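using only what follows, build the 3D model:
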Amino acid sequence: MIKDIESILVNEKQIDEITTRIAGQINRDYKDSKQLVLICILKGSLMFTCDLMKKLNLPVEIEFMKVSSYGAGTSSSGMINIHLDLKREDIGDADFIVVEDIIDSGRTLAHLVGYLADRGAKSVKTCTLLDKPSRRVVDFTPDYSGAEIPDKFVVGYGLDYDEKYRNLPYVGVLKPEIYS
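Residues are numbered from 1 along each chain as shown. Below is the predicted model:
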């Protein structure tokens with residue numbers, strides 16, 4: 001598996017620094033929140049969400065959604081599909097932070113922010129470990145962002161190719177011959 005990695009883009013220490021920094025921002029921004037809910041977007045953001053939650057020093061709930069904009073291969077289809085939806089009666093009482101592993105086109109998070117707002121959420125913000133602004137096709141900027149990265153195909157720390165590499169403790173660039 002490691003032989004498939006061209007280079008390490010974000011190492012374990014950097015991931016720890018990112019989660020610490022973002023948790024500090026969330027702790028400050030939501031110190032008065034009555035109900036903070038992190039929405040972990042499955043499967044890719046699971047590791048990031050767990051590490052982020054451990055560093056929050058305020059009451060927080062967690063929910064899961066499974067959303068995709070990818071079909072087969074490595075590029076976005078442009079269609080947002082919700083495979084696992086949020087089932088709550090108290091959406092209007094909660095402050096939500098949608099936690100994502102990576103933002104490419106921006107379509108998924110832009111769609112989810114509108115979707116949750118339309119359902120009456122008290123507030124909706126977004127958080128991402130990795131941001132690829134060079135791939136953006138919609139006008140979208142995350143509220144909390146870990147690291148801006150170049151337009152490379154990355155795996156590890158929850159990110160996958162064909163359901164593999166999620167368990168790597170770092171984010172690495174996958175060799176092009178693996179996915180070409």
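
ok, which stretches of the chain are strands?
For the chain, strands defined by DSSP state E occupy the ranges 5-10, 36-42, 61-70, 76-84, 95-103, 123-131, 144-148, 154-155, 171-174.

out of these, flag the one nearest I22.
strand 144-148 (4.9 Å; C-beta to C-beta). The C-beta positions use only the backbone N, C-alpha and C, and glycine is treated the same way.

which secondary element of this protein has the worst mean pLDDT?
strand 76-84 (a mean of 78; mean pLDDT, DSSP states H and E).

next up, the contacts around R21.
G146 (C-beta atoms under 8 Å, 6 or more residues apart in numbering).

now S105: closest residue in space, sequence neighbours ignored.
Leaving aside its sequence neighbours, S105 sits nearest to V137 (C-beta to C-beta, 6 or more residues apart in numbering; 4.5 Å).

what are the phi and psi values at that neighbour?
phi -120, psi -10 (degrees, to the nearest 10).

flag the shaky bits of this protein, pLDDT-wise.
By pLDDT under 70, the weakly predicted segments of the chain are 1, 70-78.

now the angle between strand 5-10 and the biggest helix by length in it, please.
In the chain, with assignment by DSSP state H, the single longest helix is helix 12-29. Using axes from the mean of the first three to the mean of the last three C-alpha atoms, to 10 degrees, the inter-axis angle of helix 12-29 relative to strand 5-10 is 30 degrees.

buried sites along helix 12-29?
15, 18-19, 22-23, 26 (16 or more other C-beta atoms under 10 Å).

from the residues you listed, pick the one nearest V173.
Using C-beta to C-beta, I15 comes nearest to V173 of the buried residues of helix 12-29, at 15.3 Å.
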